[in-house]
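> Quick one: sequence and predicted model below, then my questions.
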Amino acid sequence: MTRKEIVTLFSDDVKEFVGKDVCIKGWVRTKRGNKNVAFIAINDGSIIHNIQVVADVAKFDEDLLRNITTGACLCICGKLVESLGKGQSVEIVAESIEIYGNANPETYPLQKKGHSLEFLREIAHLRPRTNTFGAVFRLRHAMAFAIHKYFNDNGFFYWHSPLITASDAEGAGEMFRVTTLDMENLPKTADGKIDFAEDFFGKETSLTVSGQLEGELGAMALGKIYTFGPTFRAENSNTPRHLSEFWMIEPEMAFYELEDNMNLAEDFIKYLIGYALEHCMSDIEFLNNMYDNSLIERLRFVVENQFVRLRYEQAIEILKASKQKFEFPVDWGVDLQSEHERYLVEKHFKCPVILIDYPKEIKAFYMKQNDDGKTVKAMDILFPTIGEIIGGSQREDNIDKLITRMGEVGIKPEDMDWYLDTRRFGSAPHSGFGLGFERLLLFVTGMSNIRDVIPFPRFPKNATF
């Protein structure tokens, strides 16, 4: 008998299966009943909902029924019937039950009781079996699919930037070193420094913090590209908003100026949230009911409202005039903190905000300078509860200005000659932005800790699993 995924038994077409034999396979969530009948709730991960299986106790071996415990994996065949009980429209009357794998109730950690998210992080290899993390990771898949679909449908090419790099895109220096050198016997130069010429790549290399710079190279040939892959930061930040390994979406577009960039970013993120609302509503409803009862309202709010566009200078004036007691004082030249960003979005404008024209001193070297000599054509999109969710800019296409700015931040132009070639040969206006995938998922799922939207989180002092 062909196996049915449980999601198909909750589809609009389920009536065509009623009265027919079906076979399901999955894990036991609960078992209850009496001496005559057992009710088994089964889930296979395809949907948030369990299917109820009704087993006539007299038809099955007593030892088999005893071993049907929470966490056990079963294959059940039987007839799909309309349910007389509340909570489900159909159920399966079991005709055969096979136990694929037992789960000792004395040692299986996911029993029918509430588990804290902190505890579940300690058993990240099992937490996808819970309703919460099943919902989160199905949403993670849906958002990844929607990202590829959006860019493909809009004429972008998927570009694979390297994970191992010799350049620091952000100039922050917080990178994980990649080496094959013997840590017990490091080769040294004449002046006592590590001789990276002896290393695998013949130079010092690290895991990438961004695919942007290489993405720009692709855009300057193919027109519109996007990267979507893992990035790494060796930043010692042990907070609910930071990961050491995370995924980034970074489109780069030739012939796009700042206005084009803002239009694309707003359309892109509205598309993703709209896709989640259209295709993942059962998971979103569960998370809304269990963790954040304003989640659905907030998601719809973003999709239905135009984003306010505001210069950094105007934002500073609004914040200073607010009379709010911020933890971090605000004045021209400061890098806005989450409390400032959330005030603008949640209190002042009550809608998402795109901030532009930041002071050049607090932004990366590659951003195009405005004519005032003080600001750059940067843009950040600010969301409720999250703060900054997208950061981007028009890129500097003037080679002289770019080289000067590189010198100001301590980057040697000769180390990035390959990057400067795109300004030497056929330079053009171009723009791009970055969206942290896990930041997006925090917003879409309503979860409060970024470690709960990635299967196996990496952060300081933790690389388990």
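Looks like it arrived, so ask away.
> State the three-state secondary structure for residue 144.
Three-state call for residue 144 (DSSP: H, G, I helix; E, B strand; the rest coil): helix.
> any residues touching stretch 125-133, and which ones?
The contact list for stretch 125-133, computed with C-beta atoms under 8 Å, 6 or more residues apart in numbering, reads 27, 43, 45, 48, 71, 109-110, 115, 117, 120-121, 134, 137, 286-287, 290-291, 452, 455, 465. (C-beta placed from N, C-alpha, C; glycine too.)
> again, only using 10 Å
With C-beta atoms under 10 Å, 6 or more residues apart in numbering as the test, stretch 125-133 has contacts from 26-27, 29, 43, 45, 48-50, 70-71, 108-110, 115, 117, 119-121, 123-124, 134, 136-138, 140, 283, 286-287, 290-291, 445, 447, 452-453, 455-456, 464-465.
> May I see the ChimeraX selection of the buried members of those residues?
Of the contacts of stretch 125-133, the buried ones can be selected in ChimeraX as follows, counting by 16 or more other C-beta atoms under 10 Å:
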select :26,27,29,43,48,49,50,70,71,110,117,120,121,124,134,136,137,138,140,283,286,287,291,445,447,452,453
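> can you tell me which of the contacts of stretch 125-133 are in strands?
Counting by DSSP state E, the contacts of stretch 125-133 place 26-27, 29, 43 in strands.
> can you tell me which two in those residues are farthest apart?
For the ones in strands among the contacts of stretch 125-133, the farthest-apart pair by C-beta to C-beta is 26 and 29; their separation is 8.7 Å.
> so what's in contact with the two at the same time?
Common neighbours of residue 26 and residue 29 (C-beta under 10 Å, 6+ apart) are 41-43, 50-51, 129.
> so where's the stretch 101-250 of the chain uncertain?
168-173 (pLDDT under 70).
> And the strands in it, which stretches?
157-158, 164-165, 177-178, 205-207, 224-232, 245-254 (DSSP state E, counting those that start in this stretch).
> Just give the strands next to the second one in its sheet, each with its orientation.
Strand 164-165 sits in its sheet next to strand 205-207 (antiparallel), going by DSSP bridges.
> what do you get for the first one?
Strand 157-158 has the following strand partners under DSSP bridges: strand 224-232 (parallel).
> Tell me the buried residues in the partner strand?
Buried residues in strand 224-232, counted by 16+ other C-beta under 10 Å: 224-229, 231-232.
> Which member of those residues is positioned nearest residue 182?
residue 232 (23.0 Å).
> ok, now how distant is the spatially closest residue to that closest one that is not a sequence neighbour from residue 177?
Leaving aside its chain neighbours, residue 232 sits nearest to residue 207 (3.9 Å; criterion: C-beta to C-beta, 6 or more residues apart in numbering). Distance of residue 207 to residue 177, computed by C-beta to C-beta, to the nearest Å: 8 Å.
> Give me the number of neighbouring residues for residue 330.
Residue crowding around residue 330 was assessed by other C-beta atoms under 10 Å; the count is 20.
> quick one, what contacts it?
315-320, 322, 324, 336-337, 339-340, 343.
> returning to that earlier point: in terms of packing, which of residue 207 and residue 177 has more residues around it?
residue 207 (19 against 13).
> can you tell me the distance between the two ends of stretch 143-161?
For stretch 143-161, the first-to-last residue distance is 21 Å (C-alpha to C-alpha, to the nearest Å).
> all helices for the stretch 251-400 of the chain, in order.
For the stretch 251-400 of the chain, helices defined by DSSP state H, counting those that start in this stretch occupy the ranges 258-279, 281-290, 295-304, 312-321, 338-342, 399-408.
> Nearest residue to residue 375 in space, ignoring adjacent ones along the chain?
Sequence neighbours aside, residue 357 is the residue nearest to residue 375 in space, at 4.5 Å (criterion: C-beta to C-beta, 6+ apart).
> so the one you found makes contact with residue 262?
No - Residue 357 lies out of contact with residue 262 (C-beta atoms under 10 Å); the separation is 11.7 Å.
> Mutual contacts of those two, please.
Shared contacts of residue 357 and residue 262 (C-beta under 10 Å, 6+ apart): residue 379.
> So which residue of the protein lies furthest out from the middle?
If you look at how far each residue of the chain sits from its centre, by C-alpha atoms, centre = their mean, the farthest one is residue 58, at 48.8 Å.
> Look up how far residue 48 lies from the closest residue to that residue other than its chain neighbours.
Of all residues not flanking residue 58 in the chain, residue 36 sits nearest, at 7.4 Å (C-beta to C-beta, 6+ apart). Residue 36 sits 30 Å away from residue 48, going by C-beta to C-beta.
> cool, and residue 199?
According to C-beta to C-beta, residue 199 stands 49 Å off from residue 48.
> likewise residue 3?
19 Å.
> And for residue 14?
Residue 14 is 16 Å from residue 48, by C-beta to C-beta.
> so where do the strands sit in the stretch 301-450 of the chain?
Under the criterion DSSP E, counting those that start in this stretch, the stretch 301-450 of the chain contains strands at 308-311, 353-359, 375-383, 387-394, 430-436.
> Next, the angle from the second one to helix 258-279.
Looking back up the chat, that one is strand 353-359. 150 degrees (axes from the mean of the first three to the mean of the last three C-alpha atoms, to 10 degrees).
> Could you list every helix and strand in contact with strand 353-359?
Applying 3 or more C-beta pairs under 10 Å, 6 or more residues apart in numbering; DSSP states H and E, we find strand 353-359 packed against helix 258-279, strand 308-311, helix 312-321, helix 338-342, strand 375-383, strand 387-394.
> 8 Å instead?
Judged by 3 or more C-beta pairs under 8 Å, 6 or more residues apart in numbering; DSSP states H and E, strand 353-359 is in contact with helix 258-279, strand 308-311, helix 312-321, strand 375-383.
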